[in-house]
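Undergrad: need the 3D shape of this:
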Amino acid sequence: AKLSAELAAADADWETRLAEALDEADAEWEDRLSTALATAEEERARQAEEALCSRDEQWKTKLDAALAESEARWRDVVTESAAAATAERETQLAEAAEEADRSWGAKLAEARAEMEGESRAALEAARRQAGAELEAARLEEAEAVRG
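TA: Numbering: from 1, shown residues only. Below is the predicted model of the structure:
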């Protein structure tokens, strides 16, 4: 009976030690698993953050390129519009200058013709008056000779 009691005690001790060892191994595996999961989660989060940063950089690069292209196109359009407006304005100014030249030329010709007409009329009037004075002088002379 003593042997049976010792065997039972040894068996109970063995079971206790086995249960403790299993509990310890479970706890150690849970810690390792927890640590591995946390590490994996951290790695996944780091990789996700890197992927997001990479995508952000790609989008930023694409956006910068699109903005630069848009700005270049805008500058081209503004330059072309300004050149077209300048050319149109120069054409309008040239046409206005030509019209002014024609208008002033016509006015000058008209004034010249008017002045020539007035000069001719004045010359004709002066001729008539000179002719009349000459005729009067002849008549006076003729009367002087008669009288």
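Undergrad: what's the model's confidence in whichever strand or helix holds Ala106, averaged?
TA: Counting by DSSP states H and E, the element that carries Ala106 is helix 2-146. The pLDDT scores in helix 2-146 average 91.
Undergrad: and that helix, how far from the chain's centre?
TA: Taking Cα atoms, centre = their mean, to the nearest Å, one finds helix 2-146 lying 0 Å from the centre of the chain it belongs to.
Undergrad: next: stretch 131-147.
TA: The answer for stretch 131-147 is 94 Å, by Cα atoms, centre = their mean.
Undergrad: check which residues of that stretch are buried.
TA: By neighbour count on 16 or more other Cβ atoms under 10 Å, the buried set for stretch 131-147 is empty. Using the backbone N, CA and C atoms, a C-beta is placed for each residue, glycine as well.
Undergrad: give me the number of residues near Leu33?
TA: By the criterion of other Cβ atoms under 10 Å, Leu33 has 10 neighbours.
Undergrad: equivalent analysis for Leu63, please.
TA: Counted with other Cβ under 10 Å, residues neighbouring Leu63 total 10.
Undergrad: the one 5 residues further on now?
TA: One way to gauge burial is a neighbour count; for Ala68, by other Cβ under 10 Å, it gives 10.
Undergrad: quick one: it from Lys62, how far?
TA: Distance from Ala68 to Lys62, counting by Cβ to Cβ, to the nearest Å: 11 Å.
Undergrad: cool, Glu6 as well?
TA: Counting by Cβ to Cβ - Glu6 and Lys62 are separated by 81 Å.
Undergrad: swap in Ala45?
TA: Taken as Cβ to Cβ, the span from Ala45 to Lys62 is 26 Å.
Undergrad: now do Ala109
TA: According to Cβ to Cβ, Ala109 and Lys62 sit 69 Å apart.
Undergrad: count of residues packed around Asp26?
TA: 10.
Undergrad: ah, wrong one, I meant Ala83
TA: Neighbours of Ala83 under the rule other Cβ under 10 Å: 10.
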